[in-house]
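**Student:** any chance you could fold what I've pasted below:
(chains A and B)
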Amino acid sequence: MITNIDIHSLAIAAALLLINMVISRYLKLGMEMKLGVAAVRMVLQLTAVGFILEAVITTQNAALASVVFVIMMLFAAREVRARLETRIQGIAGWFVCGIGLSIASVAMLLFLLRGIIQPQPWWNMQYAVPLFGMLLGNSMTSTALMINNLLGALWRDRGAIENTLARGEPMKGALLRPIKHSITAGTMPITNSMAATGVVFLPGLMVGQILSGVSPLIAVKYQMLIMFALTSCATLAVIICVLLIPMILTDKRQRLRFDLLVHKADS
Amino acid sequence: MQFCFEGTTQTGLKVAPQVLSGGEVVALTGPSGSGKSRLLRALAEIDASSMVMTLDGKANTSFPAPQWRSMVSYVGPTPYWWEDETLQSVLATPESQALGTTLGIPWNLATANISSLSTGEQQRAHLARALTQDQSRVLLLDEPTSALDEDNKRVVEELIKQRAEQGLSVLVTSHDGSQVARIAGRHLEIIGNEVVERR
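**Tutor:** Now for the predicted structure:
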């Protein structure tokens, strides 16, 4: 059984950040405030999440869990949008940022709960909530990278896209290069992570299970399951977005709606 | 072959009914920013507009957009490339390669990234590809010789006349009055926000 960490131990661990702050001060990096704010944010967010998860898991309240899931998806969409250099204006932009990762995460969660792990009951919150958080978090990173790459390429390569269209190529031909690059950009981190797992680093889930007394062999199986699920989920989220973006940005005469794009540097 | 158009472009330029016949070279002039490029882009459906266009009596909307663009070919003033393009990949057909040779394309750089070529060389490659498109019925050339020296300008002007003799309609923008006189049989000018025929 894992030993509970007391508040003093946490405080000692937090004090390690002071070393970073001293180094930042000494090298005049100006990072002290950012580090402090980030640490405080993390403590507040995790504390709040801890209480919410405790309530959801102990009560097994599906309605409360649904609200938590929806809030998580909205925050994920907001986080994706905040990372973009080039955005789609208006509600369509929010939609693109949120829909792919939401559909992919919900679908993968259902698959894991109903098809693979099969807890009793299948919607057991002890499994559903942390799994959903992991799926959403990974899809968020992949989606943000992919959308940023694709919209950035559309903005940057507008001339090349229009020249290709002007030669009579259909839109899908004109967008082939940026789409291929963006899919690679979006799925590269999770693919690399999968390849390096177990050699370069031990993932948090596995470490957490081992620390809490689970056999390493069982922890490894869970980790494999999670890596397969995370990679598939992130790829699905990326594919949904990559299909959606050209649909939103193309008019019925196969012209790109550049007027819907807004670039951070110009806004 | 008849290419007809009228209407208003995205920038508010009003175009009275115009007819371009096969074999005709028509010049379009006007001050910078008057909307020449926007008009050509609207005719090729690169930009949205409220222009009404027909080719041999058939409306543009009766064709799939890519087919319309391959028949009504817009050639912009700036050659934009994908980052992996080379002369070899751009001039892939025997016709475009032959025309490239006529225009003095530096074939020793065939496999180099095309963006590493000079502006003039890039524009010549751009024109060699555009002027040899099979399906073109109308050529919309937007300042096609803006980055070329006098010798290459004359070569391109001859090519434009040859393409017209083969039955294509050509609408070409230019700021060079002597060039207009050399190649165009008709002259449209943008005055204010209207296109008028100059006689």
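**Student:** wasn't residue B:26 part of a strand?
**Tutor:** Yes: secondary structure of residue B:26 (DSSP: H, G, I helix; E, B strand; the rest coil): part of a strand.
**Student:** so what's it up against?
**Tutor:** For residue B:26, the contacting residues are B:20, B:169, B:170, B:171, B:172, B:184, B:185, B:186, B:187, B:188, by CB atoms under 8 Å, 6 or more residues apart in numbering or on different chains. Bear in mind the C-beta positions are built from the backbone N, C-alpha and C, glycine included.
**Student:** please name the nearest non-neighbouring residue to it.
**Tutor:** Nearest residue to residue B:26 in three dimensions, chain neighbours excluded: residue B:186, at 4.5 Å (CB to CB, 6 or more residues apart in numbering or on different chains).
**Student:** burial count for the one you found?
**Tutor:** 17 (other CB atoms under 10 Å in any protein chain shown).
**Student:** circling back: so can I have CSV of the contacts of residue B:26 showing secondary structure?
**Tutor:** Formatted as CSV, these follow (three-state DSSP):
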residue, secondary structure
B:20, strand
B:169, strand
B:170, strand
B:171, strand
B:172, strand
B:184, coil
B:185, coil
B:186, strand
B:187, strand
B:188, strand
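**Student:** list only buried entries from those residues.
**Tutor:** Buried members of those, counted by 16 or more other CB atoms under 10 Å in any protein chain shown: B:20, B:169, B:170, B:171, B:172, B:184, B:186, B:187, B:188.
**Student:** contact partners for the last one?
**Tutor:** This points to residue B:188. Taking CB under 8 Å, 6+ apart, one finds B:18, B:26, B:27, B:28, B:29, B:195, B:196, B:197, B:198 in contact with residue B:188.
**Student:** tell me what it is bridged to.
**Tutor:** Per DSSP bridges, the residues bridged to residue B:188 are residue B:28, residue B:197.
**Student:** and the pLDDT for it?
**Tutor:** The model reports residue B:188 with a pLDDT of 96.
**Student:** what's the most distant pair in the contacts of residue B:26?
**Tutor:** The span of the contacts of residue B:26, defined through CB to CB, is set by B:169 and B:187 at 14.7 Å.
**Student:** which one of the buried ones among the contacts of residue B:26 is nearest to residue A:25?
**Tutor:** Comparing the buried ones among the contacts of residue B:26 against residue A:25 with CB to CB picks out residue B:172 as the nearest, at 65.3 Å.
**Student:** and that closest one, what does it touch?
**Tutor:** So residue B:172 contacts B:25, B:26, B:27, B:28, B:139, B:140, B:141, B:144, B:160, B:183, B:184 (CB under 8 Å, 6+ apart).
**Student:** can you pick the most crowded of those residues?
**Tutor:** Going by other CB under 10 Å, residue B:140 tops the contacts of residue B:172 with 29 neighbours.
**Student:** for that residue, list each beta-bridge partner.
**Tutor:** Judged by DSSP bridges, the bridge partners of residue B:140 are residue B:74, residue B:171.
**Student:** which positions in the stretch 151-267 of chain A make contact with chain B?
**Tutor:** Residues of the stretch 151-267 of chain A lying near chain B by CB under 8 Å from any CB of the partner chain: A:157-160, A:162-163, A:165-170, A:177, A:251, A:253-255.
**Student:** please redo it, this time with the cut-off set to 7 Å
**Tutor:** Selection of the stretch 151-267 of chain A residues close to chain B by CB under 7 Å from any CB of the partner chain yields A:157, A:159-160, A:162-163, A:165-170, A:177, A:251, A:253-255.
**Student:** weed out the non-buried ones from those residues.
**Tutor:** A:157, A:160, A:162-163, A:165-170, A:177, A:253-255.
**Student:** show me those that map onto helices.
**Tutor:** Among those, the members falling in helices (DSSP state H) are A:160, A:162, A:163, A:165, A:166, A:177.
**Student:** let's have those in CSV, adding distance to residue A:183.
**Tutor:** Putting these into CSV (distance: CB to CB, whole Å) gives the following:
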residue, distance to residue A:183
A:160, 18
A:162, 22
A:163, 23
A:165, 21
A:166, 25
A:177, 11
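**Student:** list just the nearest of the residues you listed to residue A:7.
**Tutor:** Closest to residue A:7, out of all of those and judged by CB to CB, is residue A:177, at 54.3 Å.
**Student:** you'd agree that closest one is up against residue B:82?
**Tutor:** Yes: applying CB atoms under 7 Å as the test, residue A:177 and residue B:82 come out as touching, 5.6 Å apart.
**Student:** and the residue nearest to the spatial centre of chain B, how far is that from chain A?
**Tutor:** Taking CA atoms, centre = their mean, the centroid of chain B lies closest to residue B:141, which sits 1.8 Å from it. Using CB to the nearest CB, to the nearest Å, we find residue B:141 at a distance of 12 Å from chain A.
**Student:** residues touching that residue, list them.
**Tutor:** Applying CB atoms under 7 Å, 6 or more residues apart in numbering or on different chains to residue B:141 gives the contacts B:75, B:160, B:170, B:172.
**Student:** closest to chain A among those?
**Tutor:** residue B:75 (7.3 Å; CB to the nearest CB).
**Student:** quick one: the closest one and residue B:56, what's the gap?
**Tutor:** 21 Å (CB to CB, to the nearest Å).
**Student:** and the lengthiest helix in chain B with strand B:25-29, angle?
**Tutor:** Taking DSSP H as the criterion, chain B has its longest helix at helix B:150-165. Here helix B:150-165 runs at an angle of 130 degrees relative to strand B:25-29 (axes from the mean of the first three to the mean of the last three CA atoms, to 10 degrees).
**Student:** centre of the chain versus helix B:150-165, how much separation?
**Tutor:** 12 Å (CA atoms, centre = their mean, to the nearest Å).
**Student:** and it, what does it pack onto?
**Tutor:** strand B:25-29, helix B:119-130, strand B:169-173, helix B:177-183 (3 or more CB pairs under 7 Å, 6 or more residues apart in numbering or on different chains; DSSP states H and E).
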